[in-house]
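**Student:** test case, fold it:
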Amino acid sequence: MATMMQDLTEALATCETLLPLSDAPAPALEDNRPHSISWTEACQTVGNILTSMGFVVEAFPWRSMALDLTPDITQFYAESGRIYGECEVWDRAIYYWQRTLENKPDDLSVRQRLAKAYNQIGDYRSESKVINEVLEIRPDAATADGHLQLGWVMQKQGQIEQAKLCFQRAIEQNDSLSAAYYALGDLLLRQGQKEKAIELFEQFVEQLATEDPEKAMAHYRLGRAYRQAQQFEQAVTHFRLALEINDHLHWAYMGLMNVLMQLGQWDEVIKTCQVIIQTVEAFPWAYCFMGNALSKKGDSSAAAAAHQQSFRLRGWQRCADQEYEFGQTWFSENIPIWESHMAQFNEPGVWRDPMHVLSLGSSDSSSLCWLADQVLRHPGDQLTCITPAIPPDLQKTVAKLLQSTDASGQVSDKVIFSVGDISHQLSVLSKELSEALDRPAPAEVEAKVDAGVEIEVEAFEIIYIQSDEKQGDYIKAIATQAWPLLKPSGLMIFKDYQWRHPQDPDQASRVGIDAFIASVTDEVEILNQSHQLILKKAPAFNASR
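**Tutor:** Purely as a prediction, here's the structure:
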């Protein structure tokens, strides 16, 4: 296929040299010299190549063009773009469609294809520009779906007000377009306009027919909006209405459970979880909610058993086998995401150096034990936890974990604790690592530590920030201090990205974390952004040191 694509590229380049007044070569073509063949022969060659590639229908226009006495410039560029669009060679498709529009600016179908091509390469600004051009040329061509698509493009660009306007126009043209309601409502909630979001979702729920299956999701969305507005009773009502319509809508179950937990209705949570497990499915998250509710009731044994089952269903069998005991934890819901991003550290059959993980804080014991058990599998792997105090359940579980992993009977150093102020202990750790690596000289290290200067010692593959202190300024300071210790391609994970300060919105965790990201924007890639945030350090950053 690669050879055929090269033949096709050369054949199209030959055709282009035969066009009248053609003065711009196709991209990435080294040889665009005239050839001693006719337009008819050149078009027939393209048609034959397309047929051999399986593009029989696409070959027809070229056989037709071969009969033209005078080449049709617009048709040539449009059909060339169409071919590369079919092959998903977007840079060439864009080139040919741009040339088409130079010759025929009012060709809406080509503009729509060009917008799609820009979307495929992630050039959303150009995509929105082309879509706006379509709307200017033909205002009546703007369908509800078109406004919805443009709204999504605007949202990706961060043009939130323009995106909201597009979603509103989509609803005005089609008041049953659920995706437009949900997109607009989510933006309103993100901006803190909870009452407007509630009003929008209520409008959508009321106009849906009782038998419409979409009504379950609409009730769920309305319940979620009420929950964010702290109107818990209304949230419960709409989550239950969603489940009456669709008793397998697990998002509604999770929304309901979250509200019941906030209301402290532990027995209701436990009862609902039992119903889900027995009549719907044994979801890991159902056992997780049950474990947390049982823990709140003080039934530590039953809570531990529920969490063990949740972790077992997530693939952590050793947790159940060794009877690790956890009270309050939501970590089991993060395991699929963590596994997908940490697979790079344990590729099958690939040897690696000992791996090191740093945890700043110990608010979630289960995540540390999972890392030690499931990720740090090789001899020499080590987890260092800097924490103001070691939770009793963590000490107990780590003791079980180390006992089960060290067959030699020796005291294992797979998990080590450094107790004290996190910022101070980080400075001490940086100094120790620098001295151990002789980078820089000890006297210089001492001076830098005393002066509060960052020391670049890339020692850890993973740094996990889960401090009990969640204020934005504090999290930013800790992340900035820890960043030089992260290896290239390493991961930095923030446990509480969505935590909100009860009195000061400017001290929400997200505010500090976003400010930190802005300070290292050229060095970082965002892998996951939800209630937790996972960053990846650029592979080559500081690699020469």
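**Student:** distance between stretch 121-138 and the chain's centre?
**Tutor:** Centroid separation for stretch 121-138 versus its chain: 25 Å, with CA atoms, centre = their mean, to the nearest Å.
**Student:** residues touching Ala78, list them.
**Tutor:** 96-97, 100, 104, 107, 110 (CB atoms under 8 Å, 6 or more residues apart in numbering). (Glycine included, C-beta is placed from N, CA and C.)
**Student:** ranges for the strands of the stretch 251-400 of the chain?
**Tutor:** 356-360, 382-387 (DSSP state E, counting those that start in this stretch).
**Student:** what's the most buried one of those?
**Tutor:** strand 356-360 (a mean of 24; mean count of other CB atoms under 10 Å).
**Student:** only alpha carbons, please: show it as PDB.
**Tutor:** Presented in PDB, the C-alpha positions along strand 356-360 are these (Å, rounded to 0.1, in the frame of the first residue of the first chain):
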ATOM      1  CA  HIS A 356      11.400   4.700  42.700                       C
ATOM      2  CA  VAL A 357       8.100   6.200  43.700                       C
ATOM      3  CA  LEU A 358       7.600   9.300  46.000                       C
ATOM      4  CA  SER A 359       4.400  10.000  47.900                       C
ATOM      5  CA  LEU A 360       3.900  13.400  49.500                       C
END
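**Student:** who does that strand touch, helix- and strand-wise?
**Tutor:** strand 382-387, helix 422-437, strand 460-465, helix 472-482 (3 or more CB pairs under 8 Å, 6 or more residues apart in numbering; DSSP states H and E).
**Student:** in a markdown table, list these along with mean pLDDT and distance to Pro71.
**Tutor:** Listed next are the helices and strands packed on strand 356-360 as a markdown table, based on pLDDT from 0 to 100; distance: least, CB to CB, whole Å:
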| stretch | mean pLDDT | distance to Pro71 |
| --- | --- | --- |
| strand 382-387 | 94 | 68 |
| helix 422-437 | 85 | 67 |
| strand 460-465 | 97 | 59 |
| helix 472-482 | 94 | 60 |
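**Student:** quick one, which of those is nearest to Asn528?
**Tutor:** strand 460-465 (13.3 Å; CB to CB).
**Student:** and that closest one, what other elements does it pack with?
**Tutor:** Using 3+ CB pairs under 8 Å, 6+ apart, strand 460-465 sits against strand 356-360, helix 472-482, strand 486-494.
**Student:** who wins for proximity to Gln230 among these?
**Tutor:** Closest among the helices and strands packed on strand 460-465, once you apply CB to CB, is helix 472-482, at 21.4 Å.
**Student:** now do the closest one: everything it contacts.
**Tutor:** 358, 360, 422-423, 426-427, 454, 463, 465, 467, 469, 492, 494, 501, 506-513, 515-516, 519.
**Student:** now do 7 Å
**Tutor:** By CB atoms under 7 Å, 6 or more residues apart in numbering, the residues outside helix 472-482 that reach it are 360, 422-423, 426, 454, 463, 465, 467, 492, 506-509, 511-513, 515-516, 519.
**Student:** quick one on the thing from earlier: select, out of the helices and strands packed on strand 460-465, the one closest to His219.
**Tutor:** For these, the distance to His219 is smallest for strand 486-494, at 32.3 Å, taking CB to CB.
**Student:** for the following helix or strand past that closest one, give the mean pLDDT please.
**Tutor:** Downstream of strand 486-494, the next assigned helix or strand under DSSP states H and E is helix 509-519. Mean pLDDT, computed over helix 509-519, is 93.
**Student:** ok, and for helix 509-519, which residues are buried?
**Tutor:** By 16 or more other CB atoms under 10 Å, the buried positions in helix 509-519 come out as 509-513, 516-517.
**Student:** would CSV of those with distance to Ala229 be doable?
**Tutor:** Below are the buried residues of helix 509-519 laid out as CSV (distance: CB to CB, whole Å):
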residue, distance to Ala229
Ser509, 21
Arg510, 19
Val511, 21
Gly512, 25
Ile513, 24
Phe516, 29
Ile517, 28
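**Student:** which residues does the nearest residue to Gln466 once chain neighbours are set aside contact?
**Tutor:** Spatially, and ignoring its direct neighbours in sequence, Gln466 is nearest to Lys495 (3.8 Å; CB to CB, 6 or more residues apart in numbering). Neighbour list for Lys495: 363-364, 465-466, 532 [criterion: CB under 7 Å, 6+ apart].
**Student:** which of these tops the neighbour count?
**Tutor:** Neighbour tally across these (other CB atoms under 10 Å): the maximum, 24 neighbours, falls on Ile465.
**Student:** so Phe345 sits right up against Arg377, yeah?
**Tutor:** No - assessed by CB atoms under 7 Å, Phe345 is found out of contact with Arg377, at 9.1 Å.
**Student:** quick one, which of the two is more surrounded?
**Tutor:** Shown here are Phe345 and Arg377; by other CB under 10 Å, Phe345 has more neighbours (20 against 12).
**Student:** just the buried ones from the contacts of Ala78?
**Tutor:** Among those, the ones that count as buried (16+ other CB under 10 Å) are 96-97, 100, 107, 110.
**Student:** about what we covered before: deepest of the helices and strands packed on strand 356-360, which one?
**Tutor:** strand 460-465 (a mean of 25).
**Student:** can you get me a residue count around the residue nearest to Arg221 when sequence neighbours are not counted?
**Tutor:** The shortest distance from Arg221 to any non-neighbouring residue, by CB to CB, 6+ apart, is to Phe201 (5.2 Å). Counted by other CB under 10 Å, the residues lying close to Phe201 total 26.
**Student:** which stretches of the chain have low pLDDT?
**Tutor:** Where the chain drops to pLDDT under 70, the residues are 1, 21-36, 138-142, 404-412, 437-457, 540-545.
**Student:** most remote residue from the middle of it, which is it?
**Tutor:** Distance from the C-alpha centroid of the chain peaks at Leu69, with 53.7 Å (CA atoms, centre = their mean).
**Student:** that's a helix at it, yeah?
**Tutor:** No - counting by DSSP: H, G, I helix; E, B strand; the rest coil, Leu69 is not part of a helix but coil.
**Student:** where along the stretch 101-250 of the chain do the helices fall?
**Tutor:** Remark: helices assigned in the stretch 101-250 of the chain by DSSP state H, counting those that start in this stretch are 108-120, 124-137, 144-156, 160-173, 178-190, 194-207, 214-228, 232-245, 250-262.
**Student:** what comes up buried for the first one?
**Tutor:** Of the residues in helix 108-120, those scored as buried under the neighbour-count criterion (16+ other CB under 10 Å) are 110-119.
**Student:** same question for the fifth one.
**Tutor:** By neighbour count on 16+ other CB under 10 Å, the buried set for helix 178-190 is 178, 180-189.
**Student:** redo these as CSV? Include distance to Ala538.
**Tutor:** Shown next, in CSV, are the buried residues of helix 178-190 (distance: CB to CB, whole Å):
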residue, distance to Ala538
Ser178, 39
Ala180, 37
Tyr181, 39
Tyr182, 35
Ala183, 32
Leu184, 36
Gly185, 36
Asp186, 31
Leu187, 31
Leu188, 35
Leu189, 33
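**Student:** quick one: which of the residues you listed is nearest Ala252?
**Tutor:** Using CB to CB, Tyr182 comes nearest to Ala252 of the buried residues of helix 178-190, at 14.4 Å.
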